[in-house]
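Asks: Please work out how this folds:
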Amino acid sequence: MRPFFRRYSIRIGLCFVLAFAFTVIEIFWVPYQREKRAEAYLQGLGGRTEWSYRGPPWVPKWMHPRLPVLWSVTQVKFDADGLAASMVPTLRGSEARLSALDAFPQIAVLDLGGDDVTDAGLIRLEQLRTLTTLDLSGTKTTIEGRNHLRKVLSNCRILPEP
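Replies: Numbers count the residues shown, from 1 in each chain. Below is the predicted model:
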């Protein structure tokens, strides 16, 4: 009679390979696809996005374009008049745009200049802890709302500055 490990070694090895594959898919592929869908939605709402490499630094630069799953959306910019009313029948423009930002966990720069964002919409932006620059020029936000957001996002530069 053969020992347990020799008898089941192929099955055990296959289980390890499958577990590794599912882990890689869950860590890299699923978030990448979520960001791609959110990017398409934002483009339909008049937004533009920029992607940056967020993978490990030891990967050679010539490999970066070949590894799209290691890229994340880091900048989002909205055109002031980019939203057609028929595109989002249930949400106002700024509410729809701000709700789509939840899919971008690595966003660093957000330009909402000229949009119809109000102080109520700033509450959604409090969750974006990776923001470094936020442009609220020409929005319907108040000084008090922007100052509150400055306290919550202490590492973020919020324009216009007081």
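
Asks: now the strands for this protein?
Replies: Secondary structure of the chain (DSSP state E): strands located at 47-53, 71-78, 109-111, 133-135, 157-159.

Asks: Which secondary structure element of this protein has the lowest mean pLDDT?
Replies: When each helix and strand of the chain is scored by mean pLDDT, DSSP states H and E, helix 93-100 comes last, with a mean of 70.

Asks: ok, longest helix in the protein?
Replies: In the chain, taking DSSP state H as the definition, the longest helix is helix 4-24.

Asks: nearest to Ile143, of the strands of the chain?
Replies: strand 157-159 (10.9 Å; C-beta to C-beta). Just so you know, the C-beta spots here come from the backbone N, C-alpha and C atoms, and that holds for glycine as well.

Asks: Touching stretch 23-35 from outside, list them.
Replies: Pro68, Val69, Leu70, Trp71, Ser72, Val73, Ala103, Phe104, Pro105 (C-beta atoms under 8 Å, 6 or more residues apart in numbering).

Asks: so where is this structure shaky, pLDDT-wise?
Replies: 1-2, 4-5, 79-96, 162 (pLDDT under 70).

Asks: Relative to Val76, how far out is the residue most central in space within the chain?
Replies: Centroid-nearest residue in the chain, with C-alpha atoms, centre = their mean: Phe104, separated by 0.9 Å. Separation of Phe104 from Val76 (C-beta to C-beta, to the nearest Å) stands at 7 Å.

Asks: cool, Phe20 as well?
Replies: On the measure of C-beta to C-beta, Phe20 and Val76 end up 33 Å apart.

Asks: who has more neighbours, the two?
Replies: Val76 (23 against 10; other C-beta atoms under 10 Å).

Asks: didn't the more buried one look like it was pressed against Leu45?
Replies: No - contact criterion C-beta atoms under 8 Å: Val76 and Leu45 do not qualify, at 10.4 Å.

Asks: can you give me how far stretch 16-36 is from the chain middle?
Replies: 17 Å (C-alpha atoms, centre = their mean, to the nearest Å).

Asks: swap that for stretch 9-22, sorry
Replies: 32 Å.

Asks: Could you do stretch 149-162 as well?
Replies: Distance, centroid of stretch 149-162 to centroid of chain: 19 Å (C-alpha atoms, centre = their mean).

Asks: contacts for it?
Replies: Outside stretch 149-162, the residues that reach it (C-beta under 8 Å, 6+ apart) are 113, 122, 125-126, 128-129, 131-137, 143, 146-147.
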